[in-house]
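A.B. asks: Using only what follows, build the 3D model:
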Amino acid sequence: MTATLSSASLPARRPVGRDSIRRGLAGPVARLRTQAGVALLLTAALLTAALLGLADTAARTRQLTDVSEPRAVAAGQLYRALSDLDAQRAKSLVVGYSAVPPAPGATPELVDDGVLAALTAQTDQTDASQQLSALAVSAGADKVQPLLDQLSLYDQWTGTEEYAVGTQADPIVGQPSPVALDNYAQADALLQSSLLPQVRAVMATADAQVDADRDAAHTAALVSAWLLVALGLLALLALLWWQRDLARRYRRVLNLPLVVATACVLALVLGSASALLGTASEVDAAVNQGYTPYARLAQAAVVAVDAESRESRWVVDPGYRDALAAQFQSDATQVRTLLAADSSADSAAVAVVQQRFSAYLATDTSLRAVADGGDVNQAAIQLTGVGREDVGFAYYDFSVHLDDLAATHAAAFASHTEAADSDLSGWAATSAVLLGLALLLVLTGVRPRLREFA
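C.D. replies: Predicted structure coming up:
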């Protein structure tokens, strides 16, 4: 017996409406949009971090190379110019004719006319003016004005000294007029007690600023580099996971736009992070291998000039010889210590400078022996002469080699800072292009999948 079922007894089929279809598509579409949004957000964050990090590091590097280091160098050169100016003013006291009376009818022997000291003093004044102008631009006029006021007073006293020396009738070498000696003593006291300490304070501030700016540029580069690495890894993981998910769900091996976008992100992270880490290394090297040894040698040059000034005054001011000799020896010890601390790769050049300074000290010992023996004429000749055994030549020879060695350190600073700029050069534009392209490729890669559900 067969039984038939009526159509009324069959379960009714529910019609598939548009709402049901939309609900079925909502999951994949939302997933795709979320994945695209995360990729876009991380790529945009990476772009922002790259542009800001590169710009911040470049700005801090420029602050070091264009502001802080030139200001510190100008302060050091000002100190040296003023110290050398004082040394030349001291030498101007050692002028005149021989203390030995000439034979009847003979012309008195002029031992030193002071022309070289006067010309060198003019050069020092010009150099000091230039460095003050540079400091006024970088440090501010309020920092420079007190120095100008003190220097004006110093020039008044040394001007009176120069006038007294120039108008003294038939001066005897080593026996300056009391007016000249007194005015020089006042000028020297002002320089040592007020003017130079103010310059030293500017130097110390500028030197500390160089270190601070080096640390700031170094830190900014490292922080930016590691931030880019962190964001880059997140962006790469998101893009790679998304491509794997697309391949598994839609049976497509590659999504070419997303592959290229991933390559752009990887290139940006590797390139910009390497550039930032290279900049951090070069900035450190610029200060440690360039500026710091340069500043040390500049200090040695200043101390040597102070020693030269005391040496000149020792010849013409017997009342203070013991104190001046002790100060000279202290200066010589400090110069030796500063030279021994030089870490130049050219050890031969350092050895030459040390040898030249030892030669200068040997001529000083000879000078003092001659002066203590009462031969003021010969002492004056040795002090200002240009013979190889004279103090004047030995000091000039030492200072030339010292300046050459300092110039190599200044060149090292310039070389490392140029390398730091070169490391950063072009990466801001490259970052914008690569990550801008990555953003477009993300949109290009997701659009076909979204179109399938339209």
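A.B. asks: just the helices in the chain please.
C.D. replies: Assigned by DSSP state H, the helices in the chain fall at 18-62, 69-91, 115-138, 141-167, 178-190, 196-250, 256-285, 292-316, 321-340, 347-372, 376-384, 391-424, 427-452.
A.B. asks: elements contacting the longest one?
C.D. replies: Contact analysis of helix 196-250 by 3 or more Cβ pairs under 8 Å, 6 or more residues apart in numbering; DSSP states H and E lists helix 18-62, helix 69-91, helix 141-167, helix 256-285, helix 427-452 as its packing neighbours. All C-beta atoms are positioned from the backbone trio N, CA, C, and that covers glycine.
A.B. asks: Please identify the most buried of those.
C.D. replies: Mean neighbour counts were compared across these using mean count of other Cβ atoms under 10 Å; the top stretch is helix 69-91, at a mean of 24.
A.B. asks: Just list the residues touching the residue most central in space within the chain, thanks.
C.D. replies: Geometric centre of the chain, nearest residue: E69, 3.5 Å, by Cα atoms, centre = their mean. Listed by Cβ atoms under 8 Å, 6 or more residues apart in numbering, the contact set of E69 reads 210, 291, 413.
A.B. asks: and the gap between it and D213?
C.D. replies: Distance of E69 to D213, given as Cβ to Cβ, to the nearest Å: 8 Å.
A.B. asks: Neighbours of the residue nearest to A412 when sequence neighbours are not counted, how many?
C.D. replies: Leaving aside its sequence neighbours, A412 sits nearest to G290 (Cβ to Cβ, 6 or more residues apart in numbering; 3.9 Å). Using other Cβ atoms under 10 Å, G290 has 21 other residues around it.
A.B. asks: show me the contacts for G290.
C.D. replies: G290 makes contact with 409-417, according to Cβ under 8 Å, 6+ apart.
A.B. asks: ok, now with 6 Å
C.D. replies: 409, 412-413, 416 (Cβ atoms under 6 Å, 6 or more residues apart in numbering).
A.B. asks: and the residues you listed as a markdown table, adding neighbour count, pLDDT and distance to L151?
C.D. replies: A markdown table is the format used below for these (neighbours: other Cβ atoms under 10 Å; pLDDT from 0 to 100; distance: Cβ to Cβ, whole Å):
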| residue | neighbour count | pLDDT | distance to L151 |
| --- | --- | --- | --- |
| H409 | 22 | 92 | 28 |
| A412 | 20 | 92 | 32 |
| F413 | 25 | 93 | 28 |
| H416 | 22 | 94 | 34 |
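A.B. asks: what about S272, distance to L239?
C.D. replies: 17 Å.
A.B. asks: Tell me the one of the contacts of E69 nearest L266?
C.D. replies: F413 (34.8 Å; Cβ to Cβ).
A.B. asks: Now for the closest one: which residues touch it?
C.D. replies: Going by Cβ under 6 Å, 6+ apart, the list of residues near F413 reads 286, 290-291.
A.B. asks: give me that answer again for 10 Å
C.D. replies: Taking Cβ atoms under 10 Å, 6 or more residues apart in numbering, we find F413 in contact with 64-65, 69, 73, 210, 285-295.
A.B. asks: Go through these and name the one nearest A429.
C.D. replies: Nearest to A429 out of the contacts of F413 is T65 (Cβ to Cβ; 21.2 Å).
A.B. asks: Apart from its neighbours in sequence, what residue is nearest the closest one?
C.D. replies: With Cβ to Cβ, 6+ apart as the criterion, T65 has its nearest non-adjacent residue at 4.5 Å, and that residue is T417.
A.B. asks: Quick check: the one you found touching Y291?
C.D. replies: Yes - taking Cβ atoms under 10 Å as the definition, T417 is a contact partner of Y291 at 9.4 Å.
A.B. asks: And for the spatially closest residue to V353 that is not a sequence neighbour, the neighbour number?
C.D. replies: Among residues not flanking V353 along the chain, H401 sits closest, at 4.9 Å (Cβ to Cβ, 6+ apart). Under the neighbour criterion other Cβ under 10 Å, H401 is assigned a count of 18.
A.B. asks: S312 too?
C.D. replies: A count of nearby residues for S312, using other Cβ under 10 Å, gives 26.
A.B. asks: Okay, buried residues for stretch 284-299 please.
C.D. replies: By neighbour count with 16 or more other Cβ atoms under 10 Å, stretch 284-299 contains the buried residues 284-287, 289-299.
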